[in-house]
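Asker: sequence and predicted model, in that order:
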Amino acid sequence: MRRIATLLTVGVLAVTGTACGDDDGSVDTGTTTSADPDESVESPPLDGTLPGEEPGAELVEPRAGMAGVTPHGFESADPVDDGRVLAVRYWSGVAPCSVLDSVEVDESATEVVVTLMVGHEPDAGDVACIQIAQLYETRVELRAPLGEREVVDGAR
């Protein structure tokens, strides 16, 4: 039995070596490398943006009534429409596991505190959501133009 196993192993190795080797005994790996191995290699982003561009955000409106609502940090808050509206961008998961419930805004003479409140759909049941980050944007209307006031993330 041991002799059969040895012959079988030698036969497999001989066939494998013949299939991969050239006549001179060298092995051709089938790969050709022309790039400098010390140079970095970049691939295009999957979302269609060019390097250096910020990916487009999905515009969302708050949907009150989510479950498990907690404060959620944001990436940026930029004034639009003469400073009366803030375009607030944030990264979060996908629905139904991550949904913007509401936006709390506290304005003073020196700062505007914005707190995003994110939860999950209460009737989603026992669902699995992919673990992927999505860039979202929501618009927040201010009582007065932003002016020189500082925007503060209420979740941090």
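Answerer: All right, it came through fine. What you see is a predicted model, and the numbers here were worked out from it, not measured in a lab. Numbering: from 1, shown residues only.

Asker: what values do phi and psi take at Glu137?
Answerer: Phi and psi for Glu137, reported as degrees, to the nearest 10, are phi -140, psi 140.

Asker: no no, Ala87
Answerer: Torsion angles, degrees, to the nearest 10, at Ala87: phi -90, psi 110.

Asker: over to Leu146?
Answerer: Note on Leu146: backbone dihedrals following degrees, to the nearest 10 are phi -60, psi -40.

Asker: was I right to think it contacts Val80?
Answerer: No: the pair Leu146 / Val80 is not scored as a contact, 9.7 Å apart, by CB atoms under 8 Å. Where you see a C-beta, it was placed from the backbone N, CA and C, and this is true even at glycine.

Asker: name the residue in those two with the higher neighbour count.
Answerer: The neighbour count for Leu146 versus Val80, taken as other CB atoms under 10 Å, is higher for Leu146 (20 against 11).

Asker: quick one, what contacts the closest residue to Val152 other than its chain neighbours?
Answerer: Excluding the flanking residues, the one nearest Val152 by CB to CB, 6 or more residues apart in numbering is Val113, at 4.7 Å. Contacts for Val113 were tallied using CB atoms under 8 Å, 6 or more residues apart in numbering; they are Glu104, Val105, Asp106, Glu107, Val152, Asp153, Gly154.

Asker: can you list the buried residues in the helix or strand containing Val113?
Answerer: According to DSSP states H and E, Val113 maps onto strand 111-120. Of the residues in strand 111-120, Val112, Val114, Thr115, Leu116, Met117, Val118, Gly119, His120 count as buried by neighbour count, 16 or more other CB atoms under 10 Å.

Asker: dump the residues you listed to TSV, plus distance to Arg63 and pLDDT.
Answerer: Formatted as TSV, the buried residues of strand 111-120 follow (distance: CB to CB, whole Å; pLDDT from 0 to 100):
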residue	distance to Arg63	pLDDT
Val112	23	98
Val114	18	98
Thr115	16	98
Leu116	13	98
Met117	11	98
Val118	10	98
Gly119	9	96
His120	11	95
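
Asker: closest to Arg89 out of the residues you listed?
Answerer: The closest of those to Arg89 turns out to be Leu116 (CB to CB; 10.3 Å).

Asker: surely the closest one and Phe74 touch.
Answerer: Yes: assessed by CB under 8 Å, Leu116 is found in contact with Phe74 at 5.7 Å.
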